[in-house]
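> attaching a predicted model along with its sequence, questions to come.
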Amino acid sequence: MDGGGRLDRSLRQTRPQSGQTKTPRRGGAPARADEVRDVSFVREDELPHFLAVLHRRLPRRFGAFATLTLLAGSLAFGAVRGGHVEAVATALSDGRNAAANSVGFRITEVGITGRKQLTYDEVLAIGGVTGRSSLLFLDAATVRDRLKASPWIADATVLKLYPGRLQIDLTERKPFALWQQDGAVSVIAEDGAVLEPWVSRRFVSLPLVVGKGAESRAKDFLSLLSQYPQVRSAVRAIVYVGERRWNLRLNDGLDVRLPEQGLEEALALLSKLDREDRLFSRDITAIDLRLPDRITVRLSDDAAKAREDLLKDKKTTKRKGSDA
């Protein structure tokens, strides 16, 4: 060292002087001189030259690229750790859309066909089309997938017509019936898909089906029931019992119990009895058609009491006649 505590020469590899013992290798063998000479170091006085060579061999603007990469990586890591990935993605999307809009790719017109139940704004919201969207960066396939994910939309076609028109063609599902289960009423399509988990005023006239499994089987039963308008016009609700058979609840509260087998014959008989004997107008509460060889009718309380009184009067009259 010199007087200032600094090394007075460069760090370098030195050979062992004669008479010095060589450092033994693992296993007791001495290190070879050529192995020592093969170890290379950059001396302090060679460092500027080394950096100059490294600088010449690196691509141009490598430093700027590396800085930007490091910065982007830091921002991505921070967004993930902070839970801001969605916000960052939205900001980037808005930025590129704004740039595209500024050069003439703003969506200025959206045409929608096939819309009946959904409003114009609902279609745009489902498809994810906003006032910030640009036609250039709008993914038509993604918009279509979003639209088809709606239970109201059976199919959709999305066309981008440059520079600023978007065309959406829809095929909507039709509301078919109201389905009640566990006290909740929904609007369903013919295939049983729930279109809305509530009932708007415009759907109150749809037929009501009740019970587990009724939503998927109602189409076939209502199609059969429509062949008997005498019965269909009097029905307020159809109830699927035990996922096996149907009951009819008529407008005046009369309960008709239909069989599991021979359903068409039972409906034909029911229609005939009402047409010829005005069965639905009788003072009864239930009609049981589950047995193939008989019809069981349950009277209302008032009708049952009147019938009981009538039978008593007949018995009394008969007794008096026999006494005379």
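Cool, got the structure.
> now the protein, which segments are flagged as low pLDDT?
When the per-residue scores of the chain are filtered using pLDDT under 70, the ranges that remain are 1-95, 301-324.
> how about the strands in it?
Here the chain has its strands, by DSSP state E, at 109-113, 153-161, 165-172, 177-181, 184-188, 194-196, 208-210, 235-241, 245-250, 255-257, 284-288, 296-299.
> deepest of the ones you listed, which one?
Counting by mean count of other CB atoms under 10 Å, strand 208-210 has the highest mean neighbour count of the strands of the chain, with a mean of 22. The C-beta positions use only the backbone N, C-alpha and C, and glycine is treated the same way.
> I'd like to know which elements it is packed against.
Other helices and strands packing on strand 208-210, by 3 or more CB pairs under 8 Å, 6 or more residues apart in numbering; DSSP states H and E, are strand 177-181, helix 214-225, strand 235-241.
> picking that back up, next, format the strands of the chain as CSV and append distance to residue 146.
Listed next are the strands of the chain as CSV, based on distance: least, CB to CB, whole Å:
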stretch, distance to residue 146
strand 109-113, 14
strand 153-161, 9
strand 165-172, 11
strand 177-181, 26
strand 184-188, 21
strand 194-196, 17
strand 208-210, 30
strand 235-241, 34
strand 245-250, 38
strand 255-257, 45
strand 284-288, 49
strand 296-299, 53
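> I'd like the helices and strands packed on strand 208-210 as CSV, with distance to residue 257 appended.
Written out in CSV, the entries for those read as follows (distance: least, CB to CB, whole Å):
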stretch, distance to residue 257
strand 177-181, 19
helix 214-225, 14
strand 235-241, 8
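> out of those, flag the one nearest residue 142.
Minimum separation from residue 142 across those (CB to CB) falls at helix 214-225, 30.3 Å.
> please name the nearest non-neighbouring residue to residue 116.
Leaving out its chain neighbours, the residue that sits closest to residue 116 by CB to CB, 6 or more residues apart in numbering is residue 172, at 5.4 Å.
> residues contacting that neighbour?
Residues in contact with residue 172, defined by CB atoms under 8 Å, 6 or more residues apart in numbering, are 114-118, 152-154.
> can I get these in CSV with distance to residue 179?
Formatted as CSV, those follow (distance: CB to CB, whole Å):
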residue, distance to residue 179
114, 25
115, 24
116, 20
117, 17
118, 20
152, 16
153, 19
154, 18
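> any idea how far the nearest residue to residue 257 once chain neighbours are set aside is from residue 227?
Counting by CB to CB, 6+ apart, residue 288 is the residue found nearest to residue 257 once chain neighbours are left out, at 4.7 Å. With distances taken as CB to CB, to the nearest Å, residue 288 is found 22 Å from residue 227.
> circling back: out of the helices and strands packed on strand 208-210, which is closest to residue 268?
helix 214-225 (10.5 Å).
> endpoints of stretch 115-126, how far apart?
Between the opening and closing residues of stretch 115-126 lies a distance of 13 Å (CA to CA, to the nearest Å).
> show residues contacting it.
With CB under 8 Å, 6+ apart, stretch 115-126 has contacts from 110, 112, 130, 146-147, 149-150, 152-153, 168, 170, 172, 175, 195.
> between the residues you listed, which is closest to residue 236?
The shortest gap between residue 236 and any of the contacts of stretch 115-126 belongs to residue 175, at 18.2 Å (CB to CB).
> the closest one reaches residue 195, doesn't it?
Yes. Taking contact to mean CB atoms under 8 Å, the distance of 5.9 Å between residue 175 and residue 195 places them in contact.
> burial measure for residue 220, as a count.
Summarising burial for residue 220: neighbours were counted as other CB atoms under 10 Å, giving 9.
> find the nearest non-adjacent residue to residue 199, please.
Residue nearest to residue 199 in three dimensions, not counting chain neighbours: residue 185, with 5.3 Å by CB to CB, 6+ apart.
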